[in-house]
Structures are given as C-alpha cells and as structure tokens.
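Q: What follows is a protein structure lacking sequence information:
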C-alpha cells in the first residue's frame, strides 16, 4: 500500500491494482488469496475478490487505520475519533460500536466469539487498550504503554502486542505478560519502598527476585512510598500515571509543561517539578496545586516536610513553604542523594582543575565536604552510612565512579563498565548504578 494505490504480488512479480477510488489505504487484512480487505482515508473500505477491488460503504467519512476479522461474518475496522466499525454480513453493512473516547483507534484484532481488542492513542502519546466483550467495552489492566506499532492474533488464545521502543506483550485469556528483556537504554534508577529496584529510559524495568522485567512505558522517573502504589512520570510532557488497587490512573497535566522529576511521600503527598519558570505541582489526593516559587530539574526528599529541588538554587520544602537554602558560593547542581534528613549530599561539576565539589547538609546548613572529586561532569550520586559515591566523567579516564569516606577520595581500578546515567541507594545500604547502554551494577554495603 502507498499513496499511488495498491500493489499485488503474484506470478513472481509485483503488479499495480486498479482502485475504484482515490483514497490512501492504511490497513489490510486477508483470509485467502481471493478474500482480502483494505481500509483507508475518508472511511474507505475495499475488498479484493481475487480479480478486482470492490468498494464497500462504511457509513462514515472518518479515516480508518486498521481492519481485522476471524471470518467474513466477523469483520472489524477502526480509525480516528475512536471509531470502531463491525460487519456481520461480509462487509455489506457496517455498524458502529462507540468507545465513548475521542481518541485515535490505531489497531484492532478480532478475537472471535463476537469480541475484539482495540488500541487507542491518547493525547499524551501513550496507548490504552479496550476489549469488546460482546456487550460492553472493558479496560485492559496492562499499565501505561507507549504507542502501539503492531497488534496481531496468533491463535484463538494468543495475541501479540508490540510498542515503540521494542517492548513486547503477550495476551492470553485474562492475562497480559511482558516478555523479559536483556538490555535497557537507561537514564534513571531508583529503589522504591515496597516496589523494589526500578530502572527507566527507553522503557522501564523492575527487579523481580533475581531478574529484571521490562514494562511497556516510557518513564523519566519512577517513585513509590507504598507497596500497593507506584507513580511514573513519562518522558512525554505532562503525563503522570499512578498504579493503585490493580489499575493505572493517568493524571493529565498541561501539555506545555517540561516535567522533570517526582517525589512521593504518600499517595496524598506527591511533588512534581517543572523546569524553567513553570514552578512545581503538589498532589494532595484530590487535585494538583501549583507552586510558582520552586522550579528546577531534580527532586529529592526524605519525608513529607523535607523535600528538595535542584535548579538554579537549592530549594527546600519544610512542610509549609518553599525556601532557598544558603549555599557557599554560586554553584551548578547536578545530583543529590542521602541517607537521612541530616546526611544529604549534592555534587557540583568542576569548572577549574577538573575537580568537582561535594557539599554536605548536616540538618541546618550546607558546607563543602571535599573539593577533590576528580570529575568534570556529574550524572549520579548515592550515599550510605559510611561513604558517598559520585558517578560522572573524568579527564583521561572517561566514565567512572569515585567515593568519599569522609577523609579520602578513591576510584575503582581500571575502566568503569559503561557510561553512568544515574545512581541511587536502597534501604539496606546497597548502591546501584545504571549505565546508558543498559548495564545495572550494584555495590554491597
């Protein structure tokens, strides 16, 4: 299919097929060599009978994008504005099944027994799935996923779903399963209370037992304060998703927001930081409130009354208001981490001599902990009760991690295995590092 018509491969060569209309075709489905269906712009539906194309009346002028079926008496077509059409008589009559959602229906797969699965593209660039049960539409509890690029039925009990970025899901009656992946182009890693270790980047991965499992979502931050709840901030501007009570809920913010990071104290106490002059947002369990006095790039917190924002300043929320903390000199702030509210650290990249600064908060003020961190770029920081480690780029060494124990700065021998993207620590004192090519490394306490 292309904008000049349809091509048919037969007899060892491609042949152009004369079309009875001028619409661009967007989707194709076939049962046999003489029973192939096409859908396209303007509500166009065509049927190939083995020798010619026949135009069908869809009853709509909406662009159609996908078609599927299990037989001539079970045909489905979907398209813009959530349009879902069904034919029970070989395409002679098409009736509409309303989804109630003004979203683009991009793919459909017929499941048989009067049922079908439809993917819908939302305003934030993610996809949602709905299944027609024969009487109503049911939401599929698959979690937030990226744009669907393929949806196909393998047999009566198996459907495959592929999302942009390479994520694969398999559906069997009553259950969606994501296939394990071996690599992740990473940007963030976090260890969330009750939710285990999470890495994010092109998609997200969760550590389950001794292995990593990929989720179909494009997150920038993953945060949790409760084993039953998980919050994700998408790379797509303004999209925040919450997993709670077995289902995902999306919080759609202003589409113009350059959202950067999340901090979750509880499901009724969530902070979202916005870059530039957009301020920050606070969720109280009912609605989002805007705070224009605090903007930045990164959020960190130890409690509901001890939340920090790194930006042009270092801002602290004390449970009542945001205020700038006094800092020893004008600095650029790239990474923050800590163990308790009186043992926090910030790393600032080097401007001279190739050495970065490490600042420490003792509960009341910031001071320079050491000026001997041999890095000129900073990408991550993790702390434990005995030391603090910073990941970044060093002159003549490339990407590495260096640690400070309160007296001495040390670096691992040899080359660090990958470019550091982010670092964090868990409650047991174990440090985690995520590299940009997907390696996930740990250091025991």
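A: Structure's in. What do you need? Source: prediction; values computed, not measured. Residues are numbered from 1 along each chain as shown.
Q: What count of nearby residues applies to residue 375?
A: Applying other CB atoms under 10 Å, we find 27 other residues in the vicinity of residue 375. Placement of C-beta: from N, CA and C, glycine included.
Q: Can you tell me the SS state at it?
A: Secondary structure, DSSP: H, G, I helix; E, B strand; the rest coil: residue 375 is coil.
Q: quick one, phi psi at the nearest residue to it once chain neighbours are set aside?
A: Closest residue to residue 375 apart from its sequence neighbours, by CB to CB, 6 or more residues apart in numbering: residue 392 at 3.8 Å. Main-chain dihedrals, residue 392, degrees, to the nearest 10: phi 180, psi -150.
Q: try residue 81
A: Dihedral pair for residue 81: phi 60, psi 30, per degrees, to the nearest 10.
Q: Verify the stated contact: the residue nearest to residue 375 with residue 419.
A: No: contact status for residue 392 versus residue 419: not in contact, 9.6 Å apart, counting by CB atoms under 8 Å.
Q: Comparing these two, which residue is more hemmed in?
A: Comparing residue 392 with residue 419 by neighbour count (other CB under 10 Å), the higher total belongs to residue 392, at 26 against 18.
Q: In contact with that one, which residues?
A: 347, 349, 356, 375, 376, 377, 378, 379, 380, 399, 400, 420 (CB atoms under 8 Å, 6 or more residues apart in numbering).
Q: Same list, these, but as JSON lines with pLDDT please.
A: Shown next, in JSON lines, are the contacts of residue 392 (pLDDT from 0 to 100):
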{"residue": "347", "pLDDT": "90"}
{"residue": "349", "pLDDT": "80"}
{"residue": "356", "pLDDT": "85"}
{"residue": "375", "pLDDT": "87"}
{"residue": "376", "pLDDT": "84"}
{"residue": "377", "pLDDT": "84"}
{"residue": "378", "pLDDT": "87"}
{"residue": "379", "pLDDT": "85"}
{"residue": "380", "pLDDT": "85"}
{"residue": "399", "pLDDT": "82"}
{"residue": "400", "pLDDT": "86"}
{"residue": "420", "pLDDT": "79"}
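Q: Only whichever of these are buried, select them in PyMOL.
A: Buried subset of the contacts of residue 392, written as a PyMOL selection, criterion 16 or more other CB atoms under 10 Å:
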select buried, resi 347+349+356+375+376+378+379+380+399+400+420
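Q: out of the contacts of residue 392, which are inside strands?
A: In strands, judged by DSSP state E, the following of the contacts of residue 392 are found: 347, 356, 377, 378, 379, 380, 399, 400, 420.
Q: ok so, going back, what do residue 392 and residue 419 both touch?
A: In contact with both residue 392 and residue 419: 379, 399, using CB under 8 Å, 6+ apart.
Q: circling back to that earlier point, going by distance to residue 56, which of the ones in strands among the contacts of residue 392 wins?
A: residue 379 (56.3 Å; CB to CB).
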